[in-house]
Structure formats: C-alpha cells, structure tokens
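# Fold the following.
(2 chains)
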There are 2 protein chains.
Amino acid sequence: MRIAFQGERGAFSEEAARQLAGNAAEMVPTLRFEDVFNRLRDKTVDAAVIPIENTLHGSVHENYDHLLHYNFPITGETSLRIVHNLIAPPGIELTDVKRVYSHPVALNQCLQFFLDHPEFEKVSHYDTAGSVKTVMESGMRDAAGIASAVAAEIYGAQILQRSIEDDRANFTRFFLLRRRGEESEVAAPADGIWKTSLVFTTCNQPAALFRALSAFALRDLDLTKIESRPLRGKPWEYLFYLDFVAPRHSIPAQNALRHLAEYADLLKVFGCYPRGC
Amino acid sequence: MRIAFQGERGAFSEEAARQLAGNAAEMVPTLRFEDVFNRLRDKTVDAAVIPIENTLHGSVHENYDHLLHYNFPITGETSLRIVHNLIAPPGIELTDVKRVYSHPVALNQCLQFFLDHPEFEKVSHYDTAGSVKTVMESGMRDAAGIASAVAAEIYGAQILQRSIEDDRANFTRFFLLRRRGEESEVAAPADGIWKTSLVFTTCNQPAALFRALSAFALRDLDLTKIESRPLRGKPWEYLFYLDFVAPRHSIPAQNALRHLAEYADLLKVFGCYPRGC
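Predicted structure coming up:
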C-alpha cells in the first residue's frame, strides 16, 4: 500500500501513517496538502493521511475544505502526541550547537527550551523533519533541528535532547483517506466504537443550528467535534463539519441523518471509521 | 483618539478603523496582533481594531484566542469588501511591470489576473500595504504591489488596475475594542439592532452543545456565528465563541445568559455593539 502525506520523510504525518497502515506501507512524502489529495485522486497512491486538528492550534482548515471538495471517504483516524526533539548529526554535542532550525510553529512550541539556552539562534525552516534533513545534508557542525524521533532515525541523526516542547497536551488528530468504492472492509474496532464524520449547511434562520443538533441530541448520539467554515459565495453563512460516535448504518445514526436532511440544504457523510481518539 | 491596528499604514484594518472611528482618529500601525492587544493594555492607544473573520478564509483564530486572554470589551463591528488593486509609482505603466509584490494570501486571491498576465513574476511580501511602501521606497521602476486603494493614497502611488481579485464575495469583519471601564456610551444604532458576543465552555457530555444553544433558540435569539476553539490543557475539549442579535441587557438576552450559565463552566460576555454586518 502506498500512502501520501504532507511533509518530508520523518514528518509527524508519517508517524501517523505508520500507526494507521503499519510499517510495511510505502510512504510517499508530498509537498503540499493539495498535492496529497491530487495523488489520491490520480491513483498514484492507494491512501492518504492528513492532519485535521491539533489540541493547541485548532483545526487544519485547509484540509476541511479539501475534504468537502474531493469527497474521499475517511476510513480511519488516529492521534499522536507531538514530541519535539533536538536532533543533530552524530558526534555533535549540545555545547557545539549555535543555530537551531525548525518550522516556526515548532520553534514557538519550545519557548522555555530557548529561554534556558539563550546561546541558541532560532532559524525558521519550511518543515520540522526537513530541518533535520537540511542539517544532515549541509554538513553543518554547529546546527541542530527540532523534529520527531522518526526524523532522527530516517536521516541517521541523533537526539541530543528529548521532549523539549513547552506543553505536553499537544496532540494532533489524523484521518486516513481512501477513494470512493475502494474502501476495503474496515476491520471492526476492538472496543466496538465507531465514529462518523459529515458536513452540512442549514438555512439561515433563527434556531437553525439548534434544530440540526436536535437530530443527534434526541437520539443520545455524542458529538465529539463541530467546526464551522465559511460558505463560499454566501458571505456570513457557514458549513458545519461534525463528528459523532456511532456507526453510520446503526438505526439511531440513520434516523439522525434522515432527520438532519430535513433541515440541511447540503449533507455529505465523509465516512465511518473505528474511533482512534 | 489613537487606534492600533496590525499592519502597515494603508492596511485593510486601517480602512476598517476609519469606518469605525472616523478620519480624525490617529492611526497606530503595529507589527503583530499580540502587540495591538498589548498597546491597548499598556494604554499607549485608546482603542484597537482587529479582523475577526473573512468570508473566504474563515476566522482569525489568533484573535479569538487574544479576545479570551485580554478580555477587552467589543464596542463596535464593521465589515469591508476586500478589493485588491495593482499599484505602482506614478509614471509607471502596466507594460513596465515585471514583478508584483504582495502578501501570499493576496497573491492567491488574484489568480485569474496572473493567468491573464503570465509575464508578471509573483513575489511574496510580508504585508499588502507594505508591498506598496517597499516598491515606492526602493525606487524600482518595473515593480508593483497589490493592496487597498488607501495604501495607494498614503504612499503617493497610483492604481494601475482596480479590483483584480478573483472572488468579489471577499469580506472581512472587524471588531473595535476598548478597555474595561472605558467603554464610552456607544451610540445606539440607527436601525436599533445590537449584537452581543461571548465565549463559553460546556461539560463534556452528550447533548451539551444542544442544551447550550437551547438558551438562545427557546427565546428566538438569532445566532450569527459560532466558532469552536481547542481548550488549552484539555485535549479534545472546546471553547465556543458565539454572536447573537440582541442587546445584552434586554430581557430575552438576560434570560438566555442566565440559562446558559447553568450549563457553562466558563461564560464571558465580550461586549454588546451596534450591528455592523
């Protein structure tokens, strides 16, 4: 199985792809999120893994927009604790380091580490794993990157200091996507718990969202996430992306979806998958 | 009155500040959103104007997070159609232009223009208005910027082509902020319509959001926006930012707020202001 993900080899998305598809899957690093979706559409890969939300930063809105546009089925989810490590070429010691490369978001998540090491210069880079790649390929002997442990392993680098992030409650949630009609039978989860994800619009009336949520509340279906996004071409109207805990074809879920369809101008179910977080 | 906004002189936020406070207000361009909030806190300005959402891109999440943290009262709102113009030094003609500078978001909102002009090289810049400033100060005779009409006026440049954006349904909504206790009496709106903005959390239970929204739906209060943001330190729990149409101290709004408070662990009202969009 070939899986596309955004970023360089060793990106957090690659760790998520390994969790979702096993180590035997072939990893296809891809420059932009849009290219990840295009590769799945163009059948140059069998699956894709995308980040959808982070517990510090919130949703990856670009990927919500792509989910709607490409309409690939979600067949799995997982979450990953984002652990930032200081990584350098073998033989380099902490006292050799003068410059630290990483993506600006990662640099900003290690503020205490940089307060403890005022001698380090922060250098913005396009990618976390890419910062390790760059440091290794350039032959620099006074630089380090900040990235995942997998990045150190892939580029043959060493971890100088583990878990230098400020906030340990830093998790990212990922979706596994396939193509419509190619959803292989997803194995039933050990705990029997499924989630279903969808998007809908409501008419722009008072209580419209309240009525839409009644479809779930009246059937005791637990919502785990709701996200609003602007509706293109209709200023100040919104799409709502929603996840609930139930298999899509269970009777309560079918009743809720039929009920929601009475109010929704648009209703698309993206998929049903074993709960991963 | 001194008003801080993010960006260079001529930024869209400056246009919004003029709409909200009149042309007599002194404009204080500021580097980052956080600095805008800090200036208001440190009393080096009397007010601040921040963008909160755009109809193509969605919410400015950083500013939602700052609203919660700084807790300044919202005393006004307005919206602006985002019109991108090609702007160059006086005497330059369209056929002289080789490079076009602007913020990447603005460059991406003028894709058809660049398809029509394949001879133009796109150059990413830190700011829309700043691209006009840079082109004017550098003395370049083959470059233009993409920015607001106000930017052309401020830097003494000329508009080569107006309204080159792809999508005209491109609006940004702005808030006017003051300090607590310094909310001057806000003038009543001509149409008598007020909006109230707040943030709340719910307990993590089935139907929690449905019950929270019932506080508004049962009183026929119209919600115009709901935005979820991750709750720091509680992975997969959320804050909800909500706007509704009613003056805060009206009886239905007071009843709704009292009702919502029964379910909400946290409930903060940011302010009540004349509806601007």
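
# For the rest of this, base every contact and every neighbour count on C-alpha atoms.
Will do.

# What residues does chain A have near chain B?
Chain A has residues A:54-58, A:169-171, A:205-207, A:210, A:213-214, A:216-217, A:220-224, A:226-236 near chain B, with proximity defined as C-alpha under 8 Å from any C-alpha of the partner chain.

# Mind doing that once more with 7 Å?
Taking C-alpha under 7 Å from any C-alpha of the partner chain, the part of chain A that reaches chain B is made up of A:55-56, A:58, A:169, A:206-207, A:210, A:213-214, A:217, A:220-223, A:227-230, A:232-233, A:235-236.

# Name the surrounding residues that touch stretch A:63-75.
With contact meaning C-alpha atoms under 7 Å, 6 or more residues apart in numbering or on different chains, stretch A:63-75 is reached by A:52, A:175-180, A:186, A:270-273.

# just for chain A, where's the confidence low?
For chain A, applying pLDDT under 70 flags no range at all.

# got the domain boundaries for it?
Chain A breaks down by automatic domain parsing into domains covering A:2-81+A:170-177, A:85-161, A:194-274.

# I'd like those domains written out as JSON lines, with mean neighbour count added.
Converted to JSON lines, the domains of chain A look like this (neighbours: other C-alpha atoms under 10 Å in any protein chain shown):
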{"stretch": "domain A:2-81+A:170-177", "mean neighbour count": "20"}
{"stretch": "domain A:85-161", "mean neighbour count": "19"}
{"stretch": "domain A:194-274", "mean neighbour count": "19"}
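
# could you point out the longest helix in chain A?
Across chain A, the longest stretch assigned as helix under DSSP state H is helix A:251-263.

# which one is A:D96 nearest to, not counting chain neighbours?
Among residues not flanking A:D96 along the chain, A:D142 sits closest, at 5.4 Å (C-alpha to C-alpha, 6 or more residues apart in numbering or on different chains).

# Pipe the domains of chain A into JSON lines and attach distance to B:S250 per row.
JSON lines is the format used below for these (distance: least, C-alpha to C-alpha, whole Å):
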{"stretch": "domain A:2-81+A:170-177", "distance to B:S250": "34"}
{"stretch": "domain A:85-161", "distance to B:S250": "43"}
{"stretch": "domain A:194-274", "distance to B:S250": "17"}
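
# Please enumerate the strands of the stretch 51-200 of chain A.
A:58-59, A:74-81, A:85-88, A:99-102, A:121-124, A:143-147, A:158-161, A:171-177, A:194-202 (DSSP state E, counting those that start in this stretch).

# could you redo those strands as TSV and give each row distance to A:L242?
Formatted as TSV, the strands of the stretch 51-200 of chain A follow (distance: least, C-alpha to C-alpha, whole Å):
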stretch	distance to A:L242
strand A:58-59	12
strand A:74-81	13
strand A:85-88	34
strand A:99-102	33
strand A:121-124	34
strand A:143-147	31
strand A:158-161	39
strand A:171-177	14
strand A:194-202	6
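
# Can you say which of those is nearest to B:V132?
strand A:121-124 (25.5 Å; C-alpha to C-alpha).

# Walk me through which strands the closest one pairs with, and which way each runs.
In the sheet, strand A:121-124 lines up against strand A:99-102 (parallel) (DSSP bridges).

# quick one: contacts of the longest helix of chain A?
Contacts for helix A:251-263 (C-alpha under 7 Å, 6+ apart): A:202, A:212, A:215-216, A:219, A:246-248, A:267.

# before we move on, what about stretch A:28-48?
Residues external to stretch A:28-48 that are found in contact with it (C-alpha under 7 Å, 6+ apart): A:1-9, A:176-178.

# Among the contacts of stretch A:63-75, pick out the one closest to chain B, please.
A:I52 (12.2 Å; C-alpha to the nearest C-alpha).

# Let me see the contact set for the closest one.
A:59-60, A:63, A:173-175.

# center of chain A, which residue is that?
A:P51 (1.1 Å; C-alpha atoms, centre = their mean).

# separation between the residue nearest to that residue when sequence neighbours are not counted and A:G130?
Once flanking residues are discounted, A:P51 sits nearest to A:F174: 4.2 Å by C-alpha to C-alpha, 6+ apart. Applying C-alpha to C-alpha, to the nearest Å, the value for A:F174 to A:G130 is 20 Å.

# cool, A:L266 as well?
40 Å.

# For the stretch 1-150 of chain A, which segments are assigned as helices?
A:12-21, A:33-41, A:61-70, A:104-108, A:111-116, A:128-138, A:149-154 (DSSP state H, counting those that start in this stretch).

# Turn those helices into CSV, columns for distance to A:Y241.
Formatted as CSV, the helices of the stretch 1-150 of chain A follow (distance: least, C-alpha to C-alpha, whole Å):
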stretch, distance to A:Y241
helix A:12-21, 22
helix A:33-41, 19
helix A:61-70, 8
helix A:104-108, 25
helix A:111-116, 33
helix A:128-138, 29
helix A:149-154, 32
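
# B:E26 is nearest to which of these?
That would be helix A:104-108 among the helices of the stretch 1-150 of chain A, by C-alpha to C-alpha, at 32.9 Å.

# how far away is A:G156 from A:M136?
For A:G156 relative to A:M136 (C-alpha to C-alpha), the value is 8 Å.

# Oh, that last question was meant for A:P235, not what I typed.
Taken as C-alpha to C-alpha, the span from A:P235 to A:M136 is 48 Å.

# just to revisit the earlier point, for the contacts of helix A:251-263, which one is nearest chain B?
A:F216 (7.6 Å).
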